[in-house]
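> Any chance you could fold what I've pasted below:
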Amino acid sequence: MNWTRLFVRVLDRYGWTCIAFCELSTHWHAIVDIPDASMPDGMHYLNSRYGKAFNARHDRVGYLIRDRYWSRRKATDAELLTAFRYVALNPVEAGIEARPEDWFWSSFATTVGLANTFSFVDATPVLMQFGSSRAAAIAALQRFVAEGL
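Residues are numbered from 1 along each chain as shown. Below you'll find the model as predicted:
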């Protein structure tokens with residue numbers, strides 16, 4: 001089972017909106033707008049389904065994901081932007097890529113219009129912080145993320 005496809009299934013099943021995400025070989029990050037109290041149920045669904053499929057595929061038993069997911073509600077626009085920058089820069093900070101838009105398994109390139117790989121991502125709440133013109137907002141967002149390097 002492909003993790004990304006399962007993640008999209010969880011988004012659809014629980015009515016969540018993915019604002020940003022980044023997959024790496026050992027972990028993943030996502031900013032998700034969750035309109036209700038369904039986060040524990042959705043994360044259980046995601047982690048248990050993926051873990052069972054992974055174990056079956058690799059002839060393993062036991063827990064694949066040993067720690068509970070970490071989450072914290074973003075209370076301000078500044079917190080949302082800081083989290084977005086963190087997610088976008090994760091492959092750069094890990095030494096995998098020089099630029100965040102170069103990492104295929106990140107939604108950043110889709111958000112800034114350089115790819116259409118992850119059409120399920122809707123970064124509108126982030127882009128709105130940078131102006132009403134989509135082109136100007138994208139340029140400002142790219143500058144904002146680059147300032148974090």
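> going forward, measure contacts and count neighbours with C-alpha atoms only.
Noted.
> got the contact list for the nearest residue to residue 112 once chain neighbours are set aside?
Take residue 112 and drop its neighbours on the chain: the residue closest to it by C-alpha to C-alpha, 6 or more residues apart in numbering is residue 138, 5.5 Å away. Applying C-alpha atoms under 8 Å, 6 or more residues apart in numbering to residue 138 gives the contacts 111, 112, 127, 130.
> by contact count, what packs against the lowest-mean-pLDDT helix or strand in the chain?
Here the helix or strand of the chain ranked lowest by mean pLDDT, DSSP states H and E is helix 39-57, holding a mean of 91. Applying 3 or more C-alpha pairs under 8 Å, 6 or more residues apart in numbering; DSSP states H and E, one finds that helix 39-57 makes contact with helix 3-14.
> which one of the contacts of residue 138 is nearest residue 20?
Each of these was scored against residue 20 by C-alpha to C-alpha, and residue 111 proved nearest at 8.2 Å.
> which stretches of this structure aren't confidently modelled?
Applying pLDDT under 70 to the chain flags the ranges 1, 64, 66, 68.
> that older thread, kindly reformat the contacts of residue 138 as CSV and extend each row with distance to residue 42 and secondary structure.
Shown next, in CSV, are the contacts of residue 138 (distance: C-alpha to C-alpha, whole Å; DSSP: H, G, I helix; E, B strand; the rest coil):
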residue, distance to residue 42, secondary structure
111, 24, helix
112, 28, coil
127, 26, helix
130, 31, helix
